[in-house]
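Peer 1: please work out how this folds:
(2 chains)
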Amino acid sequence: MSEFELLARPIQKWIRGKGWPALRSIQADAIRTLYDSNRDLIISAGTAGGKTEAAFLPLISQCVQEPASPGFELVYIGPLKALISDQARRLEDICQYAELTVTPWHGDVSGAVKARAKKKPQGILLITPESLEAMFILNGLQIPTFFASTRAIVIDELHSLLDSERGIQMRSLIKRMEMAVGRPIRRLGLSATLGDNKDLAKRYLRPNDPATVELVEGSGGAPELKLQLRGYIKGDITLEAFGDSEGTESEDAAVNLDEAAARAVASHMFSKLRGSRNLIFAGARNRVELYADLLRLRCEEENLPQEFYAHHANISRHERSFIEDRLCKGDLPTTAVCTSTLELGIDIGDITCVAQIGAPFTVSSMVQRLGRSGRRPGQPQILRQYAIENRVDAVSHLIDRLRLDTIRAIAMIELHVKDRWCESPLPQALHLSTLVHQLLSVIAERGGSSAKRLYITLCEKGPFTEVTPAIFTQVLRALGREETGLIEQSDNDLLLLGPKGEKLVEHYSFYAVFKTPEEYRLLHEGKEIGTLPISTVITKGSTIIFSGRRWEILELDSISNTILIKPSKAGKAPKFGGDGLGLIDDRVVSKMLDILHSNDVPIYLDRVAKQLLQEARQAFSESKLDSNKLLSLSPKAHILSTWRGDIKTNSLALALQSLGFKLAIYDGLIEITDCPEEMNIFEGLEAIAEGRHTNLFADSSNLVSEKFHPYLSVELLQLDALSCRLDQTCIAPLAQEILEQEDS
DNA sequence: GACCTGCTGCGGTCTG
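Peer 2: Numbers count the residues shown, from 1 in each chain, chains lettered A, B, ... in the order given. Modelled structure (predicted):
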């Protein structure tokens, strides 16, 4: 029987109605796998590759062919509300001849729809991890009924949920679902960019039995890639960049020189991107505003209609939808200057070109961004990478002369294009903040639980596999401390929520595992145009650039957290804060070292970028950094090379700091700016090599980074950091390596 | 040295 013939009649009818010439190969493969076995399945194909149909055509068919008892027959978990609404529409279309109810369930879905589904659970449920969490807490007793007849759980955008806090939460919820119904439920993962991580993805989809997970991959290799890396030097004043800038006062000169580079980049983007549909990834919200403003001014100067828009998380939903719709419809030229808001999620149509300002932090996000262009057969992916470096001369700082941003951008491109590599998640992470969340959630779901059952549910069978019984006990103790008061023990050894735990879990803000900052609302004539973090320093009368336009602050109310604004002629892009917790992989830094050692000049560099690469290589060899891992600039100032990623470099830096050294950290390099009285750098490194350094956590203030960290003890926070952000075991060998290199 | 994601129940007002 052919794959088509396996499907139920109403689904065959739907396919015929679509006029498809044939099933795509991933669809045929997925149908075969789902009909022939009970195995889990990962469907990996480019965006718009028909993954949703590949999963749901056979799954819906099976629902039609073997009608089941009450309960949701299929569950879809998606990371975005917009994606769920989108997919619900597509599934309703597929189900038009099959009598199957489709229920989207997220924060914007009306209570009436949810109430109806709770009363009569059936068909397909599409839900976010947070709404599923809420379901467990608010309807814990009904969970076995809801999912009694669930055939499969489909996880969309699996790559975005691999190793994140949300991913761990989702895996925990799926396991709890299986435990509630007392049987395994088939799992399907849909993903666009798994790269080298296919085995890891299998492990994340079915941790105790990854070998049985099937993989179906889209055929048709990656589209052709066209790329250019353009270099810019701050203070290089070109006529085109100079524009109408006056720059008379000497104090402003430095600022204006910086701005000249941004103008030159904006000018180039304006000339190349105008008239088509593009995404410009600016790397930070502050830079999104800066470039959106520069590009808007260019349009105004040339009397052209506006086609450049700012898009990031602080801009109002309304404005963001407007930009997304414009990109999607495609009848007007539109370029969004954006952050990772437009990196994944809903289909935004056919993008001509992706621009990236400054080197990205990970190859995987670069790949994800690139995947937004070249979606039509025969169309190339186009990447325009911009690198902006400081002007240098013979006495400039070595770090500036190494052109690290340019070198990193080249490393990222080479790793993707030549090595086909991207980052993997860290499987040894403890995820203690998320564990606290799930502990409270399971207790709420069951109305109380023994410590042993909690351990079995979450650690032995659930996703917190790295948490030992000893660590688990410590976590319970931390939550039970009187000052924490989240849980308490009943007479029969049952763990219950304490008063503070009740209050925490009862509030709707509990359901998400990730932290969100407090924000001001920005109001213009009563309409919200977006938000600014409370931490932003801002005063009445000052001016800002927001949503690509310029505004003056009229009123600032710190009780209601609102800011009233009016349009203005002047403005400066505000600082949006940020976590600064990104980690660059070992492999990226080691690639940077290879590039500095090599003589190859990639063909995709423009004239200035070639010059920057040349300068970097010259600085690298002249400084003897190519043969010395310890470079002394003066008795108290040195450069140490680890040529390792952030985890290892930061760990060695912390050890040095604990001994009293003052330092700054760069990609694979540590700059020692001052030494303590009693110790020079050699003695410091020897002490570390021999394991005699003091506490790595001398400065423990930055250990609280995740939502439920504040409830844990210092000791647990240190364990958590050591499991994923720091590496204690690498410190002594690294110090030894640096010393040995110096001797030879 | 950064970015993103999500949320309930109830009381209020307005519309058909």
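
Peer 1: from DNA strand B, how far off is the nearest residue to A:Pro517 once chain neighbours are set aside?
Peer 2: Once flanking residues are discounted, A:Pro517 sits nearest to A:Pro533: 4.9 Å by C-beta to C-beta, 6 or more residues apart in numbering. (C-beta placed from N, C-alpha, C; glycine too.) Between A:Pro533 and DNA strand B the computed distance is 9 Å (C-beta to the nearest atom of the strand, to the nearest Å).

Peer 1: swap in A:Glu552?
Peer 2: Here A:Glu552 is placed at a distance of 23 Å from DNA strand B (C-beta to the nearest atom of the strand).

Peer 1: for that residue, pull up the helix or strand it's in.
Peer 2: Taking DSSP states H and E as the definition, one finds A:Glu552 inside strand A:549-557.

Peer 1: for that strand, buried residues please.
Peer 2: A:Arg549, A:Arg550, A:Trp551, A:Glu552, A:Ile553, A:Leu556 (16 or more other C-beta atoms under 10 Å).

Peer 1: and for A:Glu483, the neighbour number?
Peer 2: Counted with other C-beta atoms under 10 Å, residues neighbouring A:Glu483 total 6.

Peer 1: tell me the secondary structure for it?
Peer 2: Under DSSP: H, G, I helix; E, B strand; the rest coil, A:Glu483 falls in the coil class.

Peer 1: burial of whatever residue of the stretch 51-200 of chain A ends up closest to DNA strand B, as a residue count?
Peer 2: Going by C-beta to the nearest atom of the strand, DNA strand B is nearest to A:Gly107 of the stretch 51-200 of chain A, at 2.7 Å. Around A:Gly107 there are 11 other residues, counting by other C-beta under 10 Å.

Peer 1: residues in contact with it?
Peer 2: Shown in contact with A:Gly107 (C-beta atoms under 8 Å, 6 or more residues apart in numbering): A:Lys81, A:Thr128, A:Glu130, A:Ser131.

Peer 1: name the helices or strands packed onto the helix or strand hosting the last one?
Peer 2: Think A:Ser131. Using DSSP H and E, A:Ser131 falls within helix A:129-138. Secondary-structure packing of helix A:129-138 (3 or more C-beta pairs under 8 Å, 6 or more residues apart in numbering; DSSP states H and E): helix A:143-146, helix A:165-181, helix A:432-446.

Peer 1: what inclination does the last one have with respect to helix A:129-138?
Peer 2: Angular relation of helix A:432-446 and helix A:129-138 on a 0 to 180 degree scale: 40 degrees, by axes from the mean of the first three to the mean of the last three C-alpha atoms, to 10 degrees.

Peer 1: near DNA strand B, anything from helix A:432-446?
Peer 2: No: Helix A:432-446 does not reach DNA strand B (C-beta under 7 Å from any atom of the strand); its nearest approach is 11.5 Å.

Peer 1: for the second one, same thing?
Peer 2: Yes: under the criterion of C-beta under 7 Å from any atom of the strand, DNA strand B is reached by helix A:165-181 at A:Arg166.

Peer 1: so where is the stretch 251-400 of chain A shaky, pLDDT-wise?
Peer 2: A:251-257 (pLDDT under 70).

Peer 1: same deal with the stretch 1-150 of chain A?
Peer 2: Residues of the stretch 1-150 of chain A meeting the criterion pLDDT under 70: A:47-48.

Peer 1: now do the strands in it.
Peer 2: A:41-44, A:74-77, A:102-105, A:124-127 (DSSP state E, counting those that start in this stretch).

Peer 1: same list (these) but as a markdown table, adding distance to A:Leu383 and mean neighbour count.
Peer 2: Shown next, in a markdown table, are these (distance: least, C-beta to C-beta, whole Å; neighbours: other C-beta atoms under 10 Å):
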| stretch | distance to A:Leu383 | mean neighbour count |
| --- | --- | --- |
| strand A:41-44 | 22 | 24 |
| strand A:74-77 | 31 | 25 |
| strand A:102-105 | 35 | 22 |
| strand A:124-127 | 33 | 25 |
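
Peer 1: make CSV out of the ones you listed and add distance to A:Leu279.
Peer 2: CSV is the format used below for the strands of the stretch 1-150 of chain A (distance: least, C-beta to C-beta, whole Å):
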stretch, distance to A:Leu279
strand A:41-44, 23
strand A:74-77, 26
strand A:102-105, 27
strand A:124-127, 27
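
Peer 1: dump those strands into a markdown table; add distance to DNA strand B as well.
Peer 2: Formatted as a markdown table, the strands of the stretch 1-150 of chain A follow (distance: least, C-beta to the nearest atom of the strand, whole Å):
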| stretch | distance to DNA strand B |
| --- | --- |
| strand A:41-44 | 21 |
| strand A:74-77 | 11 |
| strand A:102-105 | 7 |
| strand A:124-127 | 7 |
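
Peer 1: next, count neighbours for the closest residue to A:Glu157 other than its chain neighbours.
Peer 2: Nearest residue to A:Glu157, sequence neighbours excluded (C-beta to C-beta, 6+ apart): A:Pro79, at 5.3 Å. Around A:Pro79 there are 21 other residues, counting by other C-beta under 10 Å.

Peer 1: repeat that for A:Arg587.
Peer 2: When neighbours are counted by other C-beta under 10 Å, A:Arg587 registers 18.

Peer 1: touching, A:Glu3 and A:Gln27? I think so.
Peer 2: Yes: A:Glu3 is within contact range of A:Gln27, at 7.5 Å (criterion: C-beta atoms under 8 Å).

Peer 1: okay, these two: which has more neighbours?
Peer 2: Neighbour count, other C-beta under 10 Å: between A:Glu3 and A:Gln27, A:Gln27 has more, with 26 against 18.

Peer 1: A:Leu435 contacts A:Val475, doesn't it?
Peer 2: Yes: if you go by C-beta under 8 Å, A:Leu435 and A:Val475 touch, sitting 6.3 Å apart.

Peer 1: and the gap between the residue lying farthest from the centre of chain A and DNA strand B?
Peer 2: Largest separation from the mean C-alpha position in chain A: A:Asp491, at 44.3 Å (C-alpha atoms, centre = their mean). A:Asp491 is 31 Å from DNA strand B, where distance means C-beta to the nearest atom of the strand.

Peer 1: tell me how many other residues crowd the residue in the stretch 151-300 of chain A positioned nearest to DNA strand B.
Peer 2: In the stretch 151-300 of chain A, no residue comes nearer to DNA strand B than A:Ala284, which is 3.5 Å away by C-beta to the nearest atom of the strand. A count of nearby residues for A:Ala284, using other C-beta under 10 Å, gives 16.

Peer 1: same question, A:Val113
Peer 2: By other C-beta under 10 Å, neighbour count at A:Val113 equals 12.

Peer 1: checking A:Leu215 next. Helix, strand or coil?
Peer 2: Assigned by three-state DSSP, the conformation of A:Leu215 is strand.
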